[in-house]
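Engineer: With the sequence up front, the predicted model follows.
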Amino acid sequence: MNLGFYLSRVLNLVSALLLLVLVSCQQGGTFSGPAPGEVLPIEDPCETSPETVYPPQYPLTLLVAEAGVVIDPLIPVLPEGNVCLPLQYAIDPPLPAGLVLNPSNGRIYGTPLYANSVTSHTITTQFPIESASTSLQIVIPSAPPAFEYPVAYLELDPLEQFWLLPLQLPGSGAVEVWSSPTDDAPIGAFQLNAQNGTLTLHGVGDYWVTIVGLNSSGEATFTIQVETDSH
């Protein structure tokens, strides 16, 4: 017999042994693992440990943010490993205007709209059974006023009255005192509320009114032109 004959016999024998081993594993129940295409479910740690509870952990408990400037997002730090994650996050009282809490992941982000405030908040994480809370204080330092009125030009009928309320702009500090240096308008042309900036205009001629908003950090001005219809 030649060498090729022996090699052929050896290969046949090896193939037969492999087939026997495969059949034995399948029939004997020693074969383990998912069937082809089968996906094994991953255990939900909130179901296996529904009593899990821990407070939200942020990198800081005092946030100092400037009005009109985007903050670096605050992202809660979670425990390591496959742990039960909070079902949702909630905050009370609401964040200052312009800041947002994502209820799904607890991320705090945004741009504070207005200056000069100090607020304290309670952030709560809700789990299947219990909840836990932590505190966050937010300081937005004072800034100069920034405001405008709805119109900068107004045409009135004779003796007509018109009221305007100031609109605080993003990044503005609170106005502490309202005033007007206007001294060349007709007598009785306008009245200004020094506490809230409400302006009453009268159709008694053509004139300009300049309003000044003042606080400890600075001031801002806004000018309105008024014309009275003579026809």
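Structural biologist: Yep, it's here.
Engineer: quick one: least confident helix or strand in this structure?
Structural biologist: None of the helices or strands of the chain scores lower by mean pLDDT, DSSP states H and E than helix 3-28, at a mean of 56.
Engineer: Tell me which other helices or strands the helix or strand that it is followed by touches.
Structural biologist: Under the assignment DSSP states H and E, the closest C-terminal helix or strand after helix 3-28 is helix 45-48. Packing contacts for helix 45-48, counted by 3 or more Cβ pairs under 8 Å, 6 or more residues apart in numbering; DSSP states H and E, involve no helix or strand. In this view, the C-beta of every residue, glycine as well, is placed from N, C-alpha and C.
Engineer: Beyond helix 45-48, next helix or strand please.
Structural biologist: Counting by DSSP H and E, the next helix or strand C-terminal to helix 45-48 is strand 62-64.
Engineer: what about that following strand, distance to the chain center?
Structural biologist: Centre-to-centre, strand 62-64 and its host chain are 15 Å apart (Cα atoms, centre = their mean, to the nearest Å).
Engineer: Any stretches of the protein with poor pLDDT?
Structural biologist: For the chain, applying pLDDT under 70 flags the ranges 1-41.
Engineer: what residue lies at the spatial centre of it?
Structural biologist: The chain has V100 as the residue nearest its centroid, 2.2 Å off, counting by Cα atoms, centre = their mean.
Engineer: and it, what does it touch?
Structural biologist: Applying Cβ atoms under 8 Å, 6 or more residues apart in numbering, one finds that V100 lies in contact with 108-110.
Engineer: Look up the residues forming beta bridges with it.
Structural biologist: Beta bridges link V100 to Y109 when assigned by DSSP bridges.
Engineer: gap between it and A90?
Structural biologist: Distance of V100 to A90, computed by Cβ to Cβ, to the nearest Å: 13 Å.
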